[in-house]
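S.K.: The following block contains a protein sequence and its predicted model.
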Amino acid sequence: MDLEKRPPGSGPQEPPRRSDAEGCLTVAIRIPLRIVVLLLVVPVRLVWDALVVGGRFLRDTVLRPFGRALALLGRALIVWPAVGLWRYVVVPAARGVAWLGRYLLVVPAVWLYRWVLAPAGHAVLWVAGGVGAVLAAVGRGLYAAGALVGRYLLVVPATWLYTWVLTPVGHALAWCGRGIAWCLRMVATGAGTALYWTARILLVLPAVALWRWVLAPVGRGLAVVGREAAAALGHAWRIAGHVSLAVGRFLAAVFRLLVGDPAWWVYRTLLTPVGHVVRDAIWRPVAEASRGVGRAVRKALADVRGSVRRARADVRRALFGEPVKERPVARREPSAARARTLGSSTTALTKD
């Protein structure tokens, strides 16, 4: 018994159709295609995961330490010698060359420009200004005469020719050109209409029929096949990933039982005590000795730099003499010891 009320005149309603309903072609090709793709993808995924794990192991155990060793070797053989060469050879030599260039080239050139070239240039500019003023006056006169002659010999005849001859001829030619253009436009319109309908009947309608009844159905079928192939490939790749993960965990467990645990036992019970002995008996004394050598080398380099600075100061003092010292300026206010007071015998009132 139907207890729900329906509006009058409404019959039985059809169930709504799914928007993602699939056709029989999709269902027929999906399962076989996924099985075939899975059988093809699982070996590829296993090989890919094995290559990835091997590459990471090679990077962490071989390539990265080798790269660090190469970087340290390059720093010791190239960077540090280059820095020392730049700091202790190139920079002092460049400073010496700059000092020589300043006093041998720049200072004489500035003196020559200030006291020879600049006065000569000012004199040349003054003479050129006078000559230019004279030439400007002559040029203005010639320009005025030429303008008057050109007006009555060229401009007035050209204006009359344009107004009474060229303008009427141009209007007539323009009217003829408009008529010819209208005729050509009508002929082109008729020819274009005929070509349009001919091309439509012979090309467009057959092409539309071919697209609608042949190419579109074939394309839809190929699209279904391609979509299902892509979905099957993704599904098979995910399943192969799970299979590869299980195989990798099994191999890791076997490797840990056969290699990892014995190696850890050997490292913990044998290599660690030996390493502690080597560290305390050999490495630490060698490190302390190397640090002492480094401190001695740095102190020697500091003494050498101080000697170089003192020698450079002695050379500068021998070439240019001692620097001029500023004379102390006498203060206007007297000091506290020399201030005049009323009780002092040096005042003007009590002075003998």
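M.R.: Nice, I can see it.
S.K.: gap between the helix or strand hosting residue 49 and the chain center?
M.R.: Using DSSP states H and E, residue 49 sits in helix 24-58. The chain centre lies 40 Å from the centre of helix 24-58; the measure is Cα atoms, centre = their mean, to the nearest Å.
S.K.: Give me the packing partners of it, helices and strands only.
M.R.: The helices and strands touching helix 24-58, judged by 3 or more Cβ pairs under 8 Å, 6 or more residues apart in numbering; DSSP states H and E, are helix 216-255. C-beta: built from backbone N, CA, C; applies to glycine.
S.K.: ok, back up a step: would you indicate which residues of the helix holding residue 49 are buried?
M.R.: Buried residues in helix 24-58, counted by 16 or more other Cβ atoms under 10 Å: 29, 30, 33, 34, 37, 38, 41, 42, 45, 46, 49.
S.K.: Just put the residues you listed in a markdown table and tack on distance to residue 136 and pLDDT.
M.R.: Listed next are the buried residues of helix 24-58 as a markdown table, based on distance: Cβ to Cβ, whole Å; pLDDT from 0 to 100:
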| residue | distance to residue 136 | pLDDT |
| --- | --- | --- |
| 29 | 96 | 71 |
| 30 | 97 | 73 |
| 33 | 95 | 74 |
| 34 | 97 | 75 |
| 37 | 93 | 77 |
| 38 | 97 | 76 |
| 41 | 92 | 82 |
| 42 | 97 | 80 |
| 45 | 92 | 84 |
| 46 | 95 | 84 |
| 49 | 91 | 85 |
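S.K.: Look at the residue nearest to the spatial centre of the chain and give its secondary structure.
M.R.: Computing the C-alpha centroid of the chain and ranking residues by Cα atoms, centre = their mean puts residue 71 first, at 25.8 Å. Three-state call for residue 71 (DSSP: H, G, I helix; E, B strand; the rest coil): helix.
S.K.: again, but for residue 67
M.R.: The three-state label given to residue 67 by three-state DSSP is helix.
S.K.: From residue 74, how far out is it?
M.R.: Applying Cβ to Cβ, to the nearest Å, the value for residue 67 to residue 74 is 10 Å.
S.K.: Next: residue 280.
M.R.: Taking Cβ to Cβ, one finds residue 280 at 32 Å from residue 74.
S.K.: Then residue 277?
M.R.: Relative to residue 74, and taking Cβ to Cβ, residue 277 is found at 33 Å.
S.K.: again with residue 32
M.R.: Residue 32 is 59 Å from residue 74, by Cβ to Cβ.
S.K.: before we move on, what about residue 138?
M.R.: Taking Cβ to Cβ as the measure, residue 138 and residue 74 are separated by 77 Å.
S.K.: Likewise for residue 50?
M.R.: 34 Å.
S.K.: and residue 117, what does it touch?
M.R.: If you count contacts by Cβ atoms under 8 Å, 6 or more residues apart in numbering, residue 117 has none.
S.K.: low-confidence ranges in the stretch 1-150 of the chain?
M.R.: 1-28 (pLDDT under 70).
S.K.: Tally up the residues packed near residue 244, please.
M.R.: When counting by other Cβ atoms under 10 Å, one arrives at 19 neighbours for residue 244.
S.K.: tell me the contacts of it?
M.R.: Residue 244 sits next to 45, 46, 48, 49 when contact means Cβ under 8 Å, 6+ apart.
S.K.: Once you drop chain neighbours, what's closest to the first one?
M.R.: On the basis of Cβ to Cβ, 6 or more residues apart in numbering, the spatially nearest residue to residue 45 that is not a chain neighbour turns out to be residue 240, at 3.3 Å.
S.K.: I'd assumed residue 40 was in contact with the one you found.
M.R.: No. Assessed by Cβ atoms under 8 Å, residue 240 is found out of contact with residue 40, at 9.7 Å.
S.K.: Do you know the pLDDT at residue 351?
M.R.: Residue 351 carries a pLDDT value of 46.
S.K.: now residue 339
M.R.: With respect to pLDDT, residue 339 scores 51.
S.K.: same check, this time on residue 290
M.R.: With respect to pLDDT, residue 290 scores 85.
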